[in-house]
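Q: how would this look folded up:
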Amino acid sequence: VFGASCSPYLLAAVIKKHIELFAKDDKFKFHLRNIFVDNILTTSNSQSELVEFFYKARLFFDKAGFNLRQWVSNSSKLNNAARSNGVGESSDTIKILGYDWSPTKDILTLRPPAGKCKYTKRGVLRYTNSIFDPYGFLGPMEVRARCFIRTLWQCRLDWDKSFEKMINLKQQWDFVKSEISSCLGIQISREIEIKTTSEIHIFSDASMEAFGSVAYVVTPWGKESREGKSQFLFSKVKLAKKVPAEESIPKLELDGLNLSAVLIGIVNNAFPNVKFAARVLWCDSKTTLQWCTAGSNSMTYVHNRVVQICTKAEGWEIRHISGKENPADWLTKPVKSKKFLTNKLWWEGPGWLKDPNTLKRENPFSLNGETVIPKSVNTSVAQIDKNVPNYWCMNTYKKQLILFVGFFRAIGFAKIGKNIQFSKYITKEEYNGAEILAIKQMQRETFANELKILKSGRKVKKGPFAQIKLFLDSKGIIRCHGRLSGEK
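A: The predicted structure follows:
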């Protein structure tokens, strides 16, 4: 349906169903899995295989009423086949997934945003989102823009209110924008060379502002590569949630390591038939690595993420790296564009990755896919007084609320007299009032000590409820902070 917001989904669903029903050849299916909206992006080590795919794909989609056109490749054989069928593209530069790709040079260039950026929250968001960088080449630069957007949200500016006269904000944004703009012309080789001795390494890091991961394909020096080769694969960065001051950096480092574990799935999907000689996750926090190596942890937050990491990183090593040598550190700390563009640490990783003896060194944190996933976690449980009033033992919760409504009506009748009239059915206001009364009554009977402390204006710092940050709401009910309580 042209113009409908659901059109991309409908197109993708129809194509996927068509492939599931009629595609039989596994190699052909492998190439067809790389469909993005109405484009097929695929690669192969064999030119003849690509030419064969060209003819098969044309015939396959022609039966469904689709005309695959505008073919372009860095393979001369495929380009000749496409031109002979009248579907070849002759442009020197092709727009592909936010990049400009030169088939002749086989390099990618980031496309600069179009138009001017206004000094408003809407303008900053439009500028930031217009830089589509799925590989994360400019992750250290782009994350600065996201941090600035969060600053604008904290200032509670309206979408179209200008901050041009707010000198600090204007100077900060001008600097961030100029740094990003100076990096947009960089040219990056598209080719990723993989040998039988190639390894995959993923680094992670975190700060109070952000956490992220960056991956490299490394071929150590040896028979297949005399000098060794390390190639940037992709990166991913996320803003860290705003947490209280007592939130520790190791927990954020654990989030970064968990992100690396998530990226393992992306690596497996991108290289389903490649068996890397080594697969390693790197982290510069020994506390985080110790959590992953230990059998269990009493902190639920840590326990859940360790389970996820151990599950997703099965068969991977987890090693320690110093902060100065960690390329993921660039994702979480401010860095200037000039240093970013010329520094090999980000584009190639640490130089010692190419040394085949690197992974032979002792590693006290190595999981080797054998770490036992913790099955249980210690949980604090409050012992509730068994002398519960009979009216809770005799009825269900819902029936007891109806009984409380009856009490309310009896009290109202006694105070006002026969002139008061009640509805034949229980109203929403009556039911809510009864529920508040029931909760307060149960809390008075069960959590008397905590209620006394909170009413005196103090915090509950001891006992089984110290970690869940209890407080009294406007109605005098004891509540605890949730994960979204700090969000605006």
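
Q: For residue 261, give its distance to residue 281.
A: Distance, residue 261 to residue 281, by C-beta to C-beta, to the nearest Å: 7 Å. All C-beta spots, glycine's among them, are computed from the backbone N, C-alpha and C.

Q: ditto for residue 13
A: Counting by C-beta to C-beta, the gap from residue 13 to residue 281 is 35 Å.

Q: How about residue 123?
A: Taken as C-beta to C-beta, the span from residue 123 to residue 281 is 39 Å.

Q: what's the answer for residue 120, then?
A: Counting by C-beta to C-beta, the gap from residue 120 to residue 281 is 41 Å.

Q: Give me the more crowded residue out of the two.
A: residue 281 (27 against 18; other C-beta atoms under 10 Å).

Q: Please name the residues that touch the more buried one.
A: Contact partners of residue 281, counting by C-beta atoms under 8 Å, 6 or more residues apart in numbering, are 202-204, 257, 260-261, 313, 316-319.

Q: Residue 305 now?
A: Contact analysis of residue 305 by C-beta under 8 Å, 6+ apart lists 254-255, 257-258.

Q: Quickly name whichever of those is closest to residue 473.
A: residue 255 (30.0 Å; C-beta to C-beta).

Q: what about that closest one, how many neighbours?
A: The burial count for residue 255: 20, using other C-beta under 10 Å.

Q: Dump stretch 189-202 to PDB, keeping only the CA atoms.
A: Extracted in PDB, the C-alpha atoms of stretch 189-202 (Å, rounded to 0.1, in the frame of the first residue of the first chain):
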ATOM      1  CA  SER A 189      37.500  -0.100   3.400                       C
ATOM      2  CA  ARG A 190      34.400  -2.400   3.000                       C
ATOM      3  CA  GLU A 191      36.300  -5.700   2.700                       C
ATOM      4  CA  ILE A 192      36.800  -7.900   5.700                       C
ATOM      5  CA  GLU A 193      39.400 -10.500   5.100                       C
ATOM      6  CA  ILE A 194      38.900 -13.800   7.000                       C
ATOM      7  CA  LYS A 195      41.400 -16.600   7.100                       C
ATOM      8  CA  THR A 196      41.400 -20.000   8.800                       C
ATOM      9  CA  THR A 197      43.500 -18.500  11.600                       C
ATOM     10  CA  SER A 198      41.300 -15.400  12.000                       C
ATOM     11  CA  GLU A 199      40.000 -14.600  15.500                       C
ATOM     12  CA  ILE A 200      37.100 -12.500  16.700                       C
ATOM     13  CA  HIS A 201      37.600 -10.100  19.700                       C
ATOM     14  CA  ILE A 202      35.000  -7.900  21.300                       C
END
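
Q: returning to that earlier point: overlap in contacts, residue 261 and residue 281.
A: Going by C-beta under 8 Å, 6+ apart, residues that sit against residue 261 and also against residue 281 are residue 313.

Q: quick one, helices of the stretch 201-350 of the chain?
A: Taking DSSP state H, counting those that start in this stretch to define them, one finds helices in the stretch 201-350 of the chain at 249-270, 286-293, 300-312, 329-332, 337-342, 344-348.

Q: The third one vs helix 286-293, what angle?
A: Think helix 300-312. Interaxial angle, helix 300-312 versus helix 286-293 (axes from the mean of the first three to the mean of the last three C-alpha atoms, to 10 degrees): 60 degrees.

Q: Local confidence estimate at residue 419?
A: We have a pLDDT of 63 for residue 419.

Q: Please renumber the chain so that the first residue is 822 from this point on.
A: In the new numbering, first residue 822, that becomes residue 1240.

Q: just to revisit the earlier point, who wins for neighbours among the contacts of residue 1126?
A: Counting by other C-beta under 10 Å, top hit in the contacts of residue 1126: residue 1078 with 31 neighbours.

Q: That residue contacts residue 1105, correct?
A: No: the criterion here is C-beta atoms under 8 Å, and residue 1078 misses it with residue 1105 at 10.2 Å.

Q: Remind me which helix or strand residue 873 belongs to.
A: For residue 873, the element it lies in under DSSP states H and E is helix 868-883.

Q: For the helix or strand following that helix, output the C-alpha coordinates as PDB.
A: For helix 868-883, the succeeding helix or strand toward the C-terminus, using DSSP H and E, is helix 897-905. The C-alpha atoms that make up helix 897-905 are tabulated as PDB, following Å, rounded to 0.1, in the frame of the first residue of the first chain:
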ATOM      1  CA  SER A 897      33.400  -7.000 -13.300                       C
ATOM      2  CA  LYS A 898      31.700 -10.300 -14.200                       C
ATOM      3  CA  LEU A 899      28.500  -9.500 -12.400                       C
ATOM      4  CA  ASN A 900      28.500  -5.900 -13.700                       C
ATOM      5  CA  ASN A 901      28.800  -7.200 -17.300                       C
ATOM      6  CA  ALA A 902      26.000  -9.700 -16.700                       C
ATOM      7  CA  ALA A 903      23.700  -7.000 -15.300                       C
ATOM      8  CA  ARG A 904      24.400  -4.600 -18.200                       C
ATOM      9  CA  SER A 905      23.700  -7.300 -20.800                       C
END
